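> Provided below for reference: sequence and predicted model.
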Amino acid sequence: MSADLGEVDPGELRVGDPGVEAAGHFRIYLGAAPGVGKTYAMLSEGQRRARRGADVVVGFVECHGRPLTEAQLDGLEVLPRRVVEHRGVKFEEMDLDAVLARHAQVTLIDELAHTNAPGAGRHAKRWEDVVEILDAGIDVITTVNIQHLESLADAVEQMTGARVRERVPDEVVRRANQIELVDSSPEQLRRRMLHGNVYPASKVPQALSHFFRTDNLTALRELALRFLADETEEELLAHLRRHRSTVLWETTERILVAVTTAPGTDVLLRRAARLASRVKGDLAAVHVQDDRRESAASNRSLHELKELSHALGARWHEVVDHDPARAITQMAIEQQITQIVIGSSQRSRWQELAGGGSVVRRVLREAGAVGIDVHVIARRHVPAAELVGEEDESLGAVTPESGAPSDPPTERQ
């Protein structure tokens with residue numbers, strides 16, 4: 001994908017100009033499966049940087065006999081490998097000490113998830129080597145497949161039936177300044193295999209009928225796209241917070257549910273989770289507490305709501321503010337929320353006027369002014385005895401028994 005620069009000549013753009021950032025200290029080429037072209041892309045980037053005058057070396061690369069990939073090594077300095085013998089078999093591994101001693105500006109290191117042969121160095125995993133190289137102040141460009149991320153490996157095993165032995169902690173991947181997706185449709189990748197561009201001909205039939213089935217490749221591609229979308233979303237929100245943007249960027253649906261310890265709020269949470277599931281949006285919950293200390297019963301209810309929110313996949317936020325309407329709206333603006341879910345008020349008109357107005361009405365007014373939709377959910381009937389001692393009963397919800405509309409239960413993924 002490329003951005004349209006309009007009338008700007010790309011050749012006139014320079015690092016340091018507004019909107020132009022320097023290359024990342026740690027760059028990852030991410031793929032859905034072997035053979036999509038990660039190593040080729042990494043070497044191509046190394047060639048581009050070398051042509052621009054950067055000091056680039058190849059710490060380790062595995063071309064798997066692919067001529068086009070091997071051609072990308074031309075002109076690049078390749079560091080010698082360390083040869084170790086294990087159980088009578090010789091292995092070639094990256095020489096970590098040689099990389100550190102050479103201390104190039106940029107080092108290209110293939111296969112981040114690789115397990116080093118015993119005796120090859122002080123680390124068992126290549127990602128540990130990369131972390132040490134980064135800590136030494138050396139830029140690293142590397143490659144990894146989506147199935148090797150620790151948080152996704154088990155799901156990949158279940159989907160594909162293939163064991164994922166080599167895994168990389170998510171925190172290492174998320175440390176990257178830049179993650180570049182190297183994408184390929186399942187059909188294109190299978191054609192590349194048939195043409196001999198991925199595996200030797202003898203391995204192709206088994207690969208196509210097992211790991212490289214179309215359904216497997218489609219699922220892996222979706223995992224890669226979703227992971228990158230989540231990373232991009234976090235970058236966007238961080239950028240908007242830094243620049244204090246008040247403009248709503250509807251790149252995806254983000255739901256915020258306002259909760260209190262009033263009875264029925266658990267139903268409100270579940271309704272918000274169903275809404276988020278339907279629109280495939282993120283869900284966050286916010287509890288606004290004033291300066292007064294809450295009762296032990298309220299604390300127990302709050303703990304239960306927090307546990308429920310985590311079970312529903314929601315991010316939990318707690319805010320101390322004597323003005324709940326202002327706190328909810330401000331949270332929504334900061335988090336780029338597109339929809340707020342809030343319980344209807346049970347106060348009389350006189351109580352609202354005496355108390356400075358309904359929280360719900362103010363949220364409707366203030367959120368609406370910045371383009372945020374607000375869903376007001378009817379509150380279930382609560383006996384008067386249950387309302388005694390409540391400090392703010394305005395953010396409740398409705399149960400199916402009350403006669404208000406309800407949704408059929410849905411699982412949130």
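Yep, that arrived.
> in stretch 73-88, what's buried?
For stretch 73-88, a neighbour-count test (16 or more other C-beta atoms under 10 Å) marks L73, L79, R82, V84 as buried. Placement of C-beta: from N, CA and C, glycine included.
> er, stretch 210-220 I mean
Result for stretch 210-220 [16+ other C-beta under 10 Å]: buried residues F211, F212, R213, N216, L217, A219, L220.
> over to stretch 319-336?
Those would be P324, A325, R326, A327, I328, T329, M331, A332, I333, Q335, Q336, for stretch 319-336 by 16+ other C-beta under 10 Å.
> pretty sure the fourth one is in a strand, no?
No - under the criterion used here (DSSP: H, G, I helix; E, B strand; the rest coil), A327 is helix, not part of a strand.
> residues contacting it?
V286, V288, V319, D321 (C-beta atoms under 8 Å, 6 or more residues apart in numbering).
> can you pull the contacts of the last one?
Which is D321. V288, Q289, D290, A327.
> quickly note the distance from it to V286.
10 Å (C-beta to C-beta, to the nearest Å).
> also R365?
Counting by C-beta to C-beta - R365 and V286 are separated by 18 Å.
> ok, now I146?
32 Å.
> now swap in A33 and tell me
A33 is 40 Å from V286, by C-beta to C-beta.
> among the contacts of D321, which one has the lowest pLDDT?
Within the contacts of D321, pLDDT reaches its minimum at D290, with 77.
> by contact count, what packs against the strand or helix carrying R365?
Assigned by DSSP states H and E, R365 belongs to helix 359-369. If you count contacts as 3 or more C-beta pairs under 8 Å, 6 or more residues apart in numbering; DSSP states H and E, helix 359-369 packs onto helix 324-334, strand 339-343, strand 373-377.
> got the phi and psi for H86?
Listed backbone geometry of H86 is phi -140, psi 120, with angles given as degrees, to the nearest 10.
> try L30
Here L30 shows phi and psi, under degrees, to the nearest 10, equal to phi -100, psi 130.
> how deep is it tucked in, by neighbour count?
Using other C-beta atoms under 10 Å, L30 has 25 other residues around it.
> quick check: bridge partners of it?
On the basis of DSSP bridges, L30 is bridged to V144, L181.
> give the contact list for it.
38, 143-146, 173, 179-182, 224, 227-228.
> so which of those is the closest to K90?
T143 (24.0 Å; C-beta to C-beta).
> start and end of stretch 180-193, how far apart?
23 Å (C-alpha to C-alpha, to the nearest Å).
> got it, and stretch 77-95?
14 Å.
> same question for that stretch, mean pLDDT?
For stretch 77-95, the per-residue pLDDT averages 93.
> thinking again about what came up before, buried residues, the helix holding R365. List them.
Those would be V359, V360, R362, V363, L364, E366, A367, for helix 359-369 by 16+ other C-beta under 10 Å.
> then it to PDB, C-alphas only?
Extracted C-alpha coordinates of helix 359-369, given in PDB (Å, rounded to 0.1, in the frame of the first residue of the first chain):
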ATOM      1  CA  VAL A 359     -25.200  12.700  33.900                       C
ATOM      2  CA  VAL A 360     -26.900  10.900  31.000                       C
ATOM      3  CA  ARG A 361     -28.200  14.200  29.500                       C
ATOM      4  CA  ARG A 362     -24.800  15.900  29.800                       C
ATOM      5  CA  VAL A 363     -23.000  12.900  28.200                       C
ATOM      6  CA  LEU A 364     -25.500  13.000  25.400                       C
ATOM      7  CA  ARG A 365     -24.900  16.700  24.900                       C
ATOM      8  CA  GLU A 366     -21.100  16.800  25.300                       C
ATOM      9  CA  ALA A 367     -20.300  13.600  23.400                       C
ATOM     10  CA  GLY A 368     -22.700  14.500  20.600                       C
ATOM     11  CA  ALA A 369     -20.900  17.800  20.200                       C
END
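> now that helix and helix 324-334, what's the angle there?
30 degrees (axes from the mean of the first three to the mean of the last three C-alpha atoms, to 10 degrees).
> how far does helix 359-369 sit from its chain's centre?
Remark: helix 359-369 is offset 30 Å from the chain centroid, using C-alpha atoms, centre = their mean, to the nearest Å.
> strand 373-377 and that helix, what's the angle between them?
Using the same axes, to 10 degrees: helix 359-369 against strand 373-377 is 160 degrees.
> of all residues in this protein, which one is nearest the centre?
When C-alpha atoms, centre = their mean is applied to the chain, the residue found nearest the centroid is D230 (3.1 Å).
> which residues of the chain score low on pLDDT?
Applying pLDDT under 70 to the chain flags the ranges 1-24, 231-251, 291-297, 346-357, 379-413.
> please parse it into its domains.
Per automatic domain parsing, the structural domains of the chain span 17-242, 254-402.
> could I have the buried ones of the contacts of D321 as ChimeraX selection syntax?
A single ChimeraX command selects the buried members of the contacts of D321 (16+ other C-beta under 10 Å):
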select :288,289,327
